[in-house]
Structure formats: structure tokens, C-alpha cells
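Chemist: Whatever this is, show me its structure:
(2 chains)
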Protein chains: 2
Amino acid sequence: MPNAFAQFQPVVIKVGGSAGINYDLVCDDVAALVRDGQPVVLIHGGSDETNRISTALGKPPRTLVSAQGYTSRYTDAETLDIFAMVYAGKMNTRIVERLQKRGIDAVGLSGLDGRLLEGPRKTSVRAVENGRQILVRDDFTGKVERVNAGLLRLLIGAGYTPVVSPPACSNDGEAINVDGDRAAAAIAAALGARQLIILSNVPGLLRNFPDEASLIPAVRYSELEQALSFAEGRMKKKVLGASEAIAGGVEQVVFADARLEGPVRAAMAGRGTVISK
Amino acid sequence: MPNAFAQFQPVVIKVGGSAGINYDLVCDDVAALVRDGQPVVLIHGGSDETNRISTALGKPPRTLVSAQGYTSRYTDAETLDIFAMVYAGKMNTRIVERLQKRGIDAVGLSGLDGRLLEGPRKTSVRAVENGRQILVRDDFTGKVERVNAGLLRLLIGAGYTPVVSPPACSNDGEAINVDGDRAAAAIAAALGARQLIILSNVPGLLRNFPDEASLIPAVRYSELEQALSFAEGRMKKKVLGASEAIAGGVEQVVFADARLEGPVRAAMAGRGTVISK
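Modeler: Predicted structure coming up:
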């Protein structure tokens, strides 16, 4: 039964951009899945490398923190250029290269390509800095509200493996920074994927961050609101993404560790934090 | 008759990456063509911006000059990262964005995507430096020998406008630097395009470079060998590309100026240097 569905139900895998992630191991697993006839859509991050290149170019990263504690990258036009260079240029090209070397016919896409990831740009962003509320108006960030699933299906149907990266496309056609985990959730929902795997440099959701022994193995959709209260930093957006994916019809979201051998297979087998309805 | 063929015969347009090129004007024309039902494949460069970013990152560009006087960028692994960032990241994303803002559903591709541009990596490059022959072994450059025309046709057939950028894909799946003009020639030949437009920051082939009044309006294929003798610097590779395109079945190649209003329309009407069999 799962095999009969496989060609119409890609597994959607998001791999983060934090330090310590082993893209070779992730690509080994992706290649094995695709060779076995299981289509994959791979979404990747690039935050750590963006910080490094931004700093080297004399434009150190600046993080905005909302009143609710969500963090995002301050992305003016110059930062968006750097963001596109690292995500859609270096990271995407090198991941496609890794897959091509493994015999997988990957195609890299940013969210602007075919308006793959589309949604409104925020006209202004409220943030808290040094304890004071500030309003940022030159920020190019936004939210994914529509996914061009047709483009992904066109490519998958022709035997290609899509490798997707922010930036996304605003309703007016502008390049905008969007959260990669939530973009992955939108893709998984749009494709009717059964499983969304979110890999990062932690083993999953931790009750007492950063104590890895406090991993929570399973969370119900109804408990996600509560999970938000102890999710730290970037994990908050992953929890939000998981919630949006499940609300969009995805059966299971797994937060798992991208630093291990066989990271995708381990995640698909339920190693990490499994979130389900 | 031309209209009946239009949907199967894209115009292939290469726009360079030198200083002074106006991408907004090029995208205005590309958008008008696509709206009129004429499919376009756009290939772009990024050399000037790559030099700027390389220098800013403390890795100033280094040019290799062959014994025959052809120039190429010395591209070690670190340079290729920067090259991919600028070409496939910043330049490609911003050109796709310009087209999306004009209502054209562009899709950006590097030569690694679907092995769009594939060929051998040179295992070593001979060059002349300070009057002495040197042999460079850590260079990631190569030559396009195959084009995945099927991927371009798949996208064009679904209503997308491909925007293509180096790097290309070596036979072993590695990212390699290839010449953009010759890559455009290979694409035009593979698609059976009637016309290849090569836009740069000069009006065309000049008999006495840089005297723009010495523009040569027309060159026959049989005269290209001779044209090589007065082509300067980067123009040498354009002449080589034109020669390869016409040998591959393209009827007409036009070298034209990307700094003018209506650059593509002017070129299609024969303003510049027209090369034909």
C-alpha cells in the first residue's frame, strides 16, 4: 500500500542551516529513497552560512525578536541579496551537486521560481530591541500562503528531485525572506504528503533545552500549544510549522537530528519527536 | 509562419555580466516577447559582480590567459562557491524577480539543475602568467557538450520562462565554471532556435576596439576565423560561441548592446553585428 502511493506522495524533508549539519549524510539518504522509487522534495536552510558571509561582507546579521519571542533575520534589500546568494546560490547549488554526484537528477528552485512559494510581504515588523518596541519598515520578509504544487509535480513526474530554498515571492513579485520550516510545512500540505521530516542540529523537541536527554518522543497536535511554551529560539517556528502542516492534512511531522548517520531513515522510523493528530 | 513556429522555437538571449548592463531594459523586452507568445530562454552572466564580491571577501579575482589569448577566471573550490553565490544566487534570483514583477512566470536554473549544461571538467589548464607557462590543476572549469533540452521544453511547454546561469555540471556531477556565451550557443543549438542574441556592454564586434564607430554590421560564418584576430578579450569567446551556434544549426547570431532602450528588440531587428551562414 505505501509503495503504490509512493509515486504520488512525496516525502517532504526540510534540512536546517545551523552549524553541525552533515549534508552528505542527508543526501546519502535522499538518494537511497529516490532510487527506491520514493519521490522526495528537499527544502534547505542556510542561516549559519548567511551569518558568516554577511559578517565577512561587513554587514553582520541582526535578529528581530517579536513580543511573543519569535526570532527572525532583519532583511533589508542588501541582506536579501546576501540571503539569496547563500541560500539559492551556494547552499542550493552545492546540495544539487551532492545529489547529482550520487546519480540523482536534482533541480534547485527558489520560491520565486514559478512563484513556488508565494504570499504577502509584511509592510512593517514590530520587534523588541533593548527592551523597547521598534517598528521596522524596510524589511523584506513575509509569509507563504500559496505553493505552486503544479511545478513540483511537473518536475517529479518527469523524474527530477526538487531542492527548494527561500527566498519566496511576494504577491507583488518581490523576493522576500520566509521561514524555511513553515515553507516546508506549506509544501507538505500542498502536495498531500503523509510525512514531513524536519532535520536540525538537535535531536528533536527538548523539555529542558539544551539537555538532549530531555527529548520528547511524541507530541499530539492538541498538545502543540503547550509545546510552544518550552520550545526555545528557532524551535518555536518548527513547532508552528508542524502545527500548520498537520492542520493542512499532513499525518505526521518528525523533528530529528541531521548530525547522525542515516538521519532521514532514522527520522522516518520515528527517531526524534513525532507529532501527529 | 513565424508565429506558427514561435511556440516551438524559443529565442535564446544571453545577457552578459559586465558593468553598465541594464537588466531592467532587457527584462522589459523579454516580458513583451513572452506576452506576445514568443518563448524565450534567457541566459545571464555575472562577472563584474563576482569580481566585486570576491574582492570584498578577500579573494580577489585571478584571470588565466591561454597561449591563444583566451581569458578565463581561475576557479578553485572557494572561487566556485563565490561564483555560484553571485551567478545562481544573486543575479539569477534578481532577474527572476524582475520578470515576476512584470507578470512573467520565470524559473531560474543553473547548469547543475537536471544536468542542464553538462560536459567534461578540464583536468588541468595551461596558462601564461608573467610571460611564463603555468599548469593549473585545482581549477573547476570545463566545457558544455550536452544540453538537457527536454527540461527546457518541459518548462516552456508548461508556460514558464527559463532563466539559466552557470555553473554547469561536469560528467562526474561536479559544479564547474563554463563560459556563458558558449553555453548560450549550446542551448540555442539544442533547442533548434533560429536566433541567438548575445547582449553585452559594447554595440557588437568592433574592428578597432574600443572605437564604437568601428562596429562591423555583418559577418559571414566563413569570415569568423578572421574576426577572431581583431576580437578583444571577452569578445573572442563570443565569436567562438557564434561559430559553435551556427555550426549547430542556428540561423543567425546577433551581438548587440545591452545598455540601450529596447535592447532585445533592437538586436532582433539586426542592430549590432549580425552573424549568419
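
Chemist: Helix, strand, or coil at the residue in chain A positioned nearest to chain B?
Modeler: Chain A approaches chain B most closely through residue A:89 (2.0 Å), counting by CB to the nearest CB. Where you see a C-beta, it was placed from the backbone N, CA and C, and this is true even at glycine. Assigned with DSSP: H, G, I helix; E, B strand; the rest coil, residue A:89 falls in the helix class.

Chemist: residues touching it, list them.
Modeler: Counting by CB atoms under 8 Å, 6 or more residues apart in numbering or on different chains, residue A:89 makes contact with B:84, B:85, B:86, B:87, B:88, B:89, B:90, B:92, B:93.

Chemist: which residues of the stretch 1-150 of chain A fall in strands?
Modeler: In the stretch 1-150 of chain A, the strands defined using DSSP state E, counting those that start in this stretch lie at A:11-15, A:40-44, A:63-65, A:71-73, A:106-110, A:117-119, A:125-129, A:132-136, A:146-147.

Chemist: Can you find the helix or strand of chain A with the lowest average pLDDT?
Modeler: Using mean pLDDT, DSSP states H and E, helix A:2-6 stands out as the lowest-scoring helix or strand of chain A, at a mean of 43.

Chemist: Hmm, residue A:138 and residue A:122 touching each other?
Modeler: No - under the criterion of CB atoms under 8 Å, residue A:122 is not in contact with residue A:138, lying 11.2 Å apart.

Chemist: Show me which of those two is the more surrounded one.
Modeler: Neighbours were counted for residue A:122 and for residue A:138 using other CB atoms under 10 Å in any protein chain shown; residue A:122 has more, 17 against 12.

Chemist: Read off the pLDDT value for the more buried one.
Modeler: At residue A:122, the predicted lDDT confidence score is 93.

Chemist: Distance check, it against residue A:135.
Modeler: Remark: distance between residue A:122 and residue A:135 (CB to CB, to the nearest Å) = 11 Å.

Chemist: what does residue A:39 give?
Modeler: According to CB to CB, residue A:39 and residue A:135 sit 43 Å apart.

Chemist: Looking at those two, which has the bigger crowd around it?
Modeler: The residue with more neighbours, out of residue A:39 and residue A:135, is residue A:39; 24 against 9, by other CB under 10 Å.

Chemist: Residue A:179 touches residue A:241, doesn't it?
Modeler: Yes - Residue A:179 sits in contact with residue A:241 when judged by CB under 8 Å, with a separation of 7.2 Å.

Chemist: So, low pLDDT: which residues of chain A?
Modeler: Scanning chain A for pLDDT under 70 picks out A:1-8.

Chemist: now do 80
Modeler: A:1-8, A:233 (pLDDT under 80).

Chemist: And for it, the residue most distant from the center?
Modeler: In chain A, residue A:132 marks the outermost C-alpha relative to the chain mean, sitting 30.1 Å out by CA atoms, centre = their mean.

Chemist: what is it paired to in the beta sheet?
Modeler: According to DSSP bridges, residue A:129 are recorded as the beta-bridge partners of residue A:132.

Chemist: Following element in sequence after the strand or helix carrying residue A:236, please.
Modeler: Residue A:236 belongs to helix A:235-247 when assigned by DSSP states H and E. Using DSSP H and E, the helix or strand that follows helix A:235-247 in sequence is strand A:252-257.

Chemist: And for that following strand, what's in contact with it?
Modeler: Contact partners of strand A:252-257, identified using CB under 8 Å, 6+ apart, comprise A:185, A:188, A:194-205, A:235, A:238, A:241-242, A:245-246, A:263, A:266-268, A:270-276.

Chemist: repeat that for 6 Å
Modeler: With CB atoms under 6 Å, 6 or more residues apart in numbering or on different chains as the test, strand A:252-257 has contacts from A:195-199, A:203-205, A:242, A:245, A:267, A:272-276.

Chemist: Against residue A:145, how distant is residue A:247?
Modeler: As for residue A:247, its distance to residue A:145 is 14 Å (criterion: CB to CB).

Chemist: what's the answer for residue A:43, then?
Modeler: Counting by CB to CB, the gap from residue A:43 to residue A:145 is 17 Å.

Chemist: who has more neighbours, the two?
Modeler: Comparing residue A:43 with residue A:145 by other CB under 10 Å, the one with more neighbours is residue A:43, at 27 against 12.

Chemist: Specify the beta-bridge partners of the more buried one.
Modeler: Beta-bridge partners for residue A:43, by DSSP bridges, are residue A:14, residue A:164.

Chemist: What of residue A:215?
Modeler: Bridge pairing for residue A:215 - DSSP bridges - gives residue A:206.

Chemist: give me every residue that touches it.
Modeler: Contacts of residue A:215 were listed using CB under 6 Å, 6+ apart, and they are A:203, A:204, A:206.

Chemist: and which of those residues is nearest residue A:230?
Modeler: Of all those, residue A:206 has the smallest distance to residue A:230: 7.8 Å, by CB to CB.

Chemist: thinking that closest one is in contact with residue A:216, fair?
Modeler: No - Residue A:206 is not in contact with residue A:216 according to CB atoms under 6 Å; the separation is 7.2 Å.

Chemist: Can you say which helix or strand has the nearest residue to residue A:243 once chain neighbours are set aside in it?
Modeler: Excluding the flanking residues, the one nearest residue A:243 by CB to CB, 6 or more residues apart in numbering or on different chains is residue A:224, at 4.8 Å. Under the criterion of DSSP H and E, residue A:224 resides in helix A:224-230.

Chemist: residues near the closest residue to residue A:272 other than its chain neighbours, how many?
Modeler: Leaving aside its chain neighbours, residue A:272 sits nearest to residue A:256 (3.2 Å; criterion: CB to CB, 6+ apart). By the criterion of other CB under 10 Å, residue A:256 has 25 neighbours.

Chemist: do the same with residue A:203
Modeler: Residue A:203 - counted by other CB under 10 Å - has 22 other residues nearby.

Chemist: Could you list the residues of chain A in contact with chain B?
Modeler: Within chain A, the positions adjacent to chain B are A:56-57, A:81, A:84-85, A:88-90, A:93, A:96-97, A:100-101, A:105, A:107-108, A:110, A:112-114, A:154, A:158, A:160, A:169, A:173, A:175 by CB under 6 Å from any CB of the partner chain.

Chemist: repeat that for 7 Å
Modeler: Within chain A, the positions near chain B by CB under 7 Å from any CB of the partner chain are A:56-57, A:81, A:84-86, A:88-90, A:93, A:96-97, A:100-101, A:105, A:107-108, A:110, A:112-115, A:154, A:158, A:160, A:167, A:169, A:172-175.

Chemist: measure residue A:160 to residue A:41 for me?
Modeler: Residue A:160 sits at a distance of 10 Å from residue A:41 (criterion: CB to CB).

Chemist: out of these two, which sits in the more crowded spot?
Modeler: residue A:41 (26 against 22).

Chemist: which ones are touching the more buried one?
Modeler: Counting by CB atoms under 7 Å, 6 or more residues apart in numbering or on different chains, residue A:41 touches A:10, A:12, A:152, A:162, A:164, A:187, A:191.

Chemist: what about 8 Å?
Modeler: Taking CB under 8 Å, 6+ apart, one finds A:10, A:11, A:12, A:13, A:152, A:156, A:161, A:162, A:164, A:187, A:191, A:193 in contact with residue A:41.

Chemist: Dump these into CSV; add neighbour count and distance to residue B:61 as well.
Modeler: Putting the contacts of residue A:41 into CSV (neighbours: other CB atoms under 10 Å in any protein chain shown; distance: CB to CB, whole Å) gives the following:
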residue, neighbour count, distance to residue B:61
A:10, 26, 41
A:11, 23, 41
A:12, 30, 39
A:13, 29, 36
A:152, 24, 37
A:156, 21, 39
A:161, 24, 33
A:162, 26, 33
A:164, 27, 31
A:187, 29, 37
A:191, 23, 42
A:193, 27, 43
